[in-house]
Every structure is written in structure tokens, then in C-alpha cells.
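Q: give me a 3D structure for the following:
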Amino acid sequence: MHPAFYAFGFALVASSLPAAAQNPPACPAVLQHQFPRLQDEAPQNLCQYTGKVVLVVNTASYCGFAGQFEGLEALYAKQKDKGLVVLGFPSNDFAQEAKTSKEIADFCFNTYGVKFPMLGKSVVSGAGKNAFYAELVKATGQEPRWNFYKYLIDRKGQVVDSYNSMTGPDSPKLVAAIDKALAQKP
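A: Numbering: from 1, shown residues only. All right, here's what the predicted structure looks like:
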């Protein structure tokens, strides 16, 4: 057979694939970071969340807002099949987090049944904040002033908004913003 036939056949097969399979979306700059997973310190590349709506939350086990873990887990369980990911970033920036990753992981799972991705303890505010949080702060002009501060990233990797600690996971404003972001095509 003529080589052109093979090329035509490949082009025909490739053109029948969905566009996402032909050209997977590039990882947005904001997600080009890697952190250890809380439970086992396995490296987690945030690019795995490309095309998803990401709610980023700095957490602390001994904070008065720790009850939000329950609502965050409920939100994640309800919306994960639609493309929502809740990312927890434990931090001791406000002196309310456990010392070890094991203590934090045990607290989150045993107390609130947290199954959404939790990353290793890191700095989220001030001069030493991790590079991911530096980008979130730059995009919104808002630095976490306390635990359970939230940032919403849409499917295209754009930081949509930030929400203070008083904004619970069931806040109508936050839920509406998540629903709007989930309605976007990746």
C-alpha cells in the first residue's frame, strides 16, 4: 500500500477522536506546582486537576472554623463527579495546626471523614508563602488573614475569586460561583 494511504487512515482515525483526546488541555500556569500528599508525602502535581474547578482552602485542625471540614467534604462528595476538587492546605501560619502530618491526617479523616485531597503542611501567608499561594494572592490581591480562607479556580485555570474564613462551604455566594464554574466547558 502507498504510504499516503496510511497517513490518510491515521488522519481519519485522529479526526474521529474527541477534541480533548486529540489535544488535551495544557496545564494552566497556576497549577504548575507540586506538593507532598498529606497522608504519605507522595509528590502530587497539581496539573492533575487541569480542566477541573478547584476550591483551595488553607486549613488548621485546632481552628474554630475546623467544622468547615464537614461542609467542604459534603460539597466535594456532591460535586466531584461534575468536576469539583477541594484542595486542603494545612498551615500553622495562625498557630492552630497539629505538629505532624500523621496527626493532621488522622484528625481530618477520623473527625470529619475528609476524603478530598489534602496536601502537606506549608506556609500560605507572609513572606515565606509557598509559590502556589503566592500566585493565588497575586491573582486576587487577597492573602489569607486566617484559616479556612478560600480561592476558586475555574476549569481554564483562572483564579475566579477569594472568600474569607466566614464564608462557609454552603454559602450561597460560594455555591453559585462553583456552579457557574462547573457549567463551563473544560
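
Q: where along this protein do the helices fall?
A: 3-16, 19-22, 68-79, 101-112, 131-140, 172-183 (DSSP state H).

Q: mind checking those helices for the one nearest to residue 37?
A: helix 101-112 (9.1 Å; C-beta to C-beta). Yep, even glycine has a C-beta here, placed from its N, CA and C like the rest.

Q: show me what the closest one is packed up against.
A: helix 68-79 (3 or more C-beta pairs under 8 Å, 6 or more residues apart in numbering; DSSP states H and E).

Q: would you mark the buried spots in the helix it packs on?
A: Neighbour counts using 16 or more other C-beta atoms under 10 Å place 68-69, 71-73, 75-76, 79 of helix 68-79 among the buried residues.

Q: make TSV out of those and add pLDDT and distance to residue 28.
A: Below are those laid out as TSV (pLDDT from 0 to 100; distance: C-beta to C-beta, whole Å):
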residue	pLDDT	distance to residue 28
68	98	26
69	98	27
71	98	27
72	98	22
73	98	25
75	98	22
76	98	21
79	98	20
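
Q: how about the residues you listed in JSON lines, adding distance to residue 56?
A: Shown next, in JSON lines, are the buried residues of helix 68-79 (distance: C-beta to C-beta, whole Å):
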{"residue": "68", "distance to residue 56": "13"}
{"residue": "69", "distance to residue 56": "15"}
{"residue": "71", "distance to residue 56": "15"}
{"residue": "72", "distance to residue 56": "11"}
{"residue": "73", "distance to residue 56": "15"}
{"residue": "75", "distance to residue 56": "13"}
{"residue": "76", "distance to residue 56": "12"}
{"residue": "79", "distance to residue 56": "15"}
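
Q: quick one: contacts for residue 109?
A: By C-beta atoms under 8 Å, 6 or more residues apart in numbering, the residues touching residue 109 are residue 115.
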